[in-house]
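Novice: A predicted structure for the sequence below; I have some questions about it.
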Amino acid sequence: MNALNLPILSLITYLPLVGIVAICLINNSRQDLIRWVAFGTSVVTFLVSLPLYFMFDCGTWEMQFVEDVPWISQFAVRYHMGIDGISLLLVLLTTFLSALAILSTWTAVTERVKGYMASLLFLETGMIGVFCALDFVLFYVFWEVMLIPMYFIIGIWGGPRRIYAAVKFFIYTMSGSVLMLVAILVLYFMNFEATGTYTFDILDYYNLGLPGNIQMWLFLAFFVAFAIKVPMFPFHTWLPDAHVEAPTAGSVILAGVLLKMGIYGFLRFCLPIFPQATIDFMPIVLALSVVGIIYGAMVSIAQDDIKKLVAYSSVSHLGYCMLGMFALNVDGLKGSLIQMINHGLSTGALFMIVGMLYERRHTRLISEYGGIMKVMPMFAALFLLVALSSMGVPGLNGFVGELLILIGAFKASLAFGMVATIGLILGAIYLLWMYRRVMYGQITKAENQNLKDMTGREYAYLLPIVLFIVWIGVYPKPFLKTMDASVDHLLETVNPRTSARMDGAKPTWLNDVVARVDFQQLAKGQGR
Amino acid sequence: MIDWFHPSVFYIVGALLLPFLRGKIQKAYMLLIPLLGVAAVFAMSAGTYWSWDFLGTVLCFGAVDKLSIVFGWVFTIMSFIGMVYALHVNDRGQHVAALLYVGGSLGVTFAGDYLTLFVFWEVMAFASAYLVFARREPAAIRAGYRYILVHTFGGVCLLGGIILHYLSTRSMQVGPLDHDGSLAFYLILVGVIVNAAVPPLHAWLIDAYPEGTVTGSVFMSAFTTKTAVYVLVRVFPGTELLVYMGTIMALYGVVYAVLENDCRRLLAYHIISQVGYMVAGVGIGTEMSLNGSVSHAFAHILYKGLLFMGAGAVIEMTGRRKLTELGGLYRTMPITLVLYMIGGFAISAFPLFSGFVTKSMVIAGAAHDHRPLVALLLTMASAGTFLHTGLKLPYYMFFAKDSGIEAKEPPLNMLLAMGMAAFMCIGIGVLPGPLYNLLPFPVHFNAYTGDHVTSALGILLFTGLGFFMLLKKLDPEPTISIDTDWVYRKGSRVFMWIASKPIASSDTYVGNVYDTWFTRFMLFFSSFLARIIDVRAIDGLVNGVAQFFIGLAGVVRVTASGLVRSYAATMLIGGVVILGYYLFASLMSL
């Protein structure tokens, strides 16, 4: 249902394209104007997306602001857009971070600014489209659309090894999504066999009820695509390279939004369409998530490049999100959703902060810094705040998500919960140690003596994130209440399928692993 | 119209705004705030105001009755006098601290619940600690540190008692406590008597008041102990233990004062003595004795403030504080001498001065309650008070041998402040009526009976005679008296030794173990994961796949030879094969 009678989702999705057109008309030499137009477009997009929150009906799990018109009728492809509790906050996060990311990269890129800003805006279109799309083909188009501008952003405006990083990113992600395309087509045809109609509409597949072994293969196909995006261990190696080589805005958007699409994909597709396979694979996915948490954290400890450290910390944090999601109870799911938003804010802010250091010294190596707090005290304060938020310190946003996730994880499995809690300690280790080496102590390098503290522009793009970091940490209710209905409905669709096993054929090697997970606890997992 | 306004708001908000003002405006502002406070107290009437429901308990900021109003009066008046006295000081921090201090004190006075009381109690402690630190000499800083430690101890005891009290009675309201001897009772009592400087917990006062700034000590002498007395009157009336404590206090202070050489330290011991009267009055618990305590507190704030102001003026003008180094100032500082003596007479309870109409009420209360020994001892202490504060101190400060100091009169504001306090001391003594009207209980006491006047004069004059006869014996000597703070000053050294030798070394040992087994291992393992597993193994696999395809492509690339003949041959053969397959298939299906 659409409360507003105008296609607001399409408006939000395509507004950045208007910005691109405007940019293309500007002369190449007028770089500042290009930047302002791009920033203005992203701010307008954010403002237009705000009514989505205020007019959102938190009581229903149905899709809202729906637009549904036929598109390619020969193949039953429809232009179907809509959001629910799961995607609302992600859309807002996207528009919010895009605006700030464009602001953060004001002086970092000075050549071919037009192409750069156009890529960022194009990327924004793709991202919003992914979160809003409710038709498989539409979703896939937007999914792939995201890859191209990101490839350019890394490959043209990136660091020394940018070509390697860009190509790796592109091929890695694409190979996953190709598998997903195959699975989409299989679903399409199976749906025809089951119901006699052709449809690509995602909501129709929720009621499909596929047999268990088919579910397993399709789930695996989707799983690969999304696991690469999340990124889960062991499909994560594209991330450090992409982050290190990308310019600041690229990293912010990559970490802030693109990584959320993997988790969003799980929530939108894998859990509702393949509930049986979800239950079957739950232990493996939980195990992989926990490995990702510990592994990501440990590798972070060993890093000297700050950006790589934060990149691996993303692996660790999103491992938490996957853990919460696959715990399959209310607390875990809500924790996973809010932690996605939190991670977008905290890690986006961390990348912005690293960008600030890089713009001053053109190095990201921890060994090149030391005692920065003496010359940049305000920066030190904000850096500490963001680092604490990333660690999950109570009072800031990270704590809300991590607490809910851990509650959900402990309800699902005591062992996994305990190992995940150890990950919290490791998170504190690498962040605090890095902070100490960079900010505290004596100023060891002469070049660090004259660093300037934060400029007005830097405050302008960091403080809004800090505002939300504190707000979500202190009073998360406005954000959590949007998810209630959708999460409850999602869990209802997943859990009843456990008893109604359509096809008894389950790979036997799963039996032993599955037996250790208590299904009683799954059904009881109603936290809020 | 607002029916009630908490005077602390003026002080606390005023303190926050003061740093932004300069010059004459700042001075006017400093005087304005206490006047606003006085006006607020003037406009008050009894009742309960400013109640707020917070997290399940009711916080009450304005529990106003006669008891709190009378203390409100004296606190605000004294704050005005103190501000006049401190006008010449340039240290803004001191003014801010003083205002916060008074604000805290008034907050405690009007607090209706223990939580509010505790918060303002702590504000008082920290604000007054600054006044000690503000002198910025090593001795002052150390004294201030000890001051804040003792007050924190008292505050924690108070808080513990409050919580226990709440747990047992579910009520946070300030009111008389049952004398049930419970831990809550004693903890709150300990917390309050720390602030009231009851021995053996009194040493902080002796330690810190002489070390504070000249103007800061004037404030300190007025507020902390009297606020504690207020709480005692409110919460512990009739506690038998307090009678004995008070009486012992009164004598203790007087005895130690004999031995003192530092003029303000002597006065500080007298504070203990005078507060002893108030504590004893609270302990006796009859209406007359409680009236006595309250009125004595009222008068004491004024005359003790005056004494501290006088001594402070001498210190300010001469730079010296030891009696052995002073003397002969009567020629150069006559006004100070006169004003100081007014304070001295007031504290000694000379007729026509404020002490006479207030201290005697406590002693009369003791007598009426059939406690002859208490009355006798308190009277003895009174004699001792005159001996030291009224005779010894001014004699050695202003008369005796000439120390040769060229001093002048203190600045006008200090003289004005002293004059105001002196005026009030005499005023209360001559016309006690207005004060008696403010007292919480109806007053049935007439100080000016023939018997009382003659006995008081007799004691005092004989004390004077004794002083002059034993003059030589009372000469000040530059000694340090050991007081109960020896226990914790030496004890803390033992504690520090324990902390640094055994505990720290075992901590270092644990730290080393942790360092080797956890930190080094963690760094090694994470480095292994990062450089070997991640870069070589996983990425190696990924890159290996890529390399494989590149190699494969390299091999297959050979076929794109660019020679048209091979392309043509491929197409021809391919076409033949495909056609042949379909021909064959259709033939087979026939």
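Specialist: Structure received. Numbers count the residues shown, from 1 in each chain, chains lettered A, B, ... in the order given.

Novice: and the helix or strand harbouring residue B:543, what's buried?
Specialist: Taking DSSP states H and E as the definition, residue B:543 sits inside helix B:539-556. Of the residues in helix B:539-556, B:539, B:542, B:543 count as buried by neighbour count, 16 or more other C-beta atoms under 10 Å in any protein chain shown. Where C-beta positions appear, they are placed from N, C-alpha and C, glycine not excepted.

Novice: from those residues, pick the one nearest chain A.
Specialist: Of all those, the one with the least separation from chain A (C-beta to the nearest C-beta) is residue B:539, at 4.7 Å.

Novice: distance check, the residue nearest to the closest one when sequence neighbours are not counted against residue A:310.
Specialist: Spatial nearest neighbour of residue B:539, chain neighbours left out: residue A:237 (4.7 Å); criterion: C-beta to C-beta, 6 or more residues apart in numbering or on different chains. For residue A:237, the distance to residue A:310 (C-beta to C-beta, to the nearest Å) stands at 16 Å.

Novice: related to what we said a few turns ago, for the buried residues of helix B:539-556, give me CSV that also has pLDDT and distance to residue B:555.
Specialist: Output for the buried residues of helix B:539-556, formatted as CSV (pLDDT from 0 to 100; distance: C-beta to C-beta, whole Å):
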residue, pLDDT, distance to residue B:555
B:539, 85, 24
B:542, 87, 21
B:543, 89, 18
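
Novice: what strands line up against the longest strand seen in chain A, and which way round?
Specialist: As assigned by DSSP state E, the longest strand anywhere in chain A is strand A:64-72. Strand A:64-72 sits in its sheet next to strand A:77-83 (antiparallel), going by DSSP bridges.

Novice: so after the partner strand, what's the next helix or strand?
Specialist: Next along from strand A:77-83, by DSSP H and E: helix A:85-104.

Novice: hang on, isn't residue A:31 packed against residue A:111?
Specialist: No: in this structure residue A:31 lies outside contact range of residue A:111 using C-beta atoms under 8 Å: 9.2 Å.

Novice: who has more neighbours out of those two?
Specialist: residue A:31 (19 against 10; other C-beta atoms under 10 Å in any protein chain shown).

Novice: can you give me the strands in the stretch 1-150 of chain B?
Specialist: Along the stretch 1-150 of chain B, the stretches classed as strands by DSSP state E, counting those that start in this stretch are B:47-54, B:57-64.

Novice: flag the shaky bits of chain A, pLDDT-wise.
Specialist: Scanning chain A for pLDDT under 70 picks out A:1-4, A:496-528.

Novice: for chain B, tell me whether the lengthiest helix in it is touching it.
Specialist: For chain A, the helix with the greatest residue count under DSSP state H is helix A:162-195. Yes: residues of helix A:162-195 contacting chain B under C-beta under 8 Å from any C-beta of the partner chain: A:168, A:171, A:172.

Novice: tell me, how many neighbours does the closest residue to the last one other than its chain neighbours end up with?
Specialist: Nearest-residue entry for residue A:172: residue A:238, 4.3 Å, with adjacent residues in sequence omitted and distances by C-beta to C-beta, 6+ apart. The local packing count at residue A:238 equals 21, with neighbours defined by other C-beta under 10 Å.

Novice: follow-up on the earlier one: ok, now which ones touch the residue nearest to residue B:539?
Specialist: By C-beta atoms under 8 Å, 6 or more residues apart in numbering or on different chains, the contact set of residue A:237 is A:168, B:534, B:538, B:539, B:542.

Novice: these: which two are farthest apart?
Specialist: Maximum pairwise distance among these (C-beta to C-beta): 13.8 Å, between A:168 and B:534.
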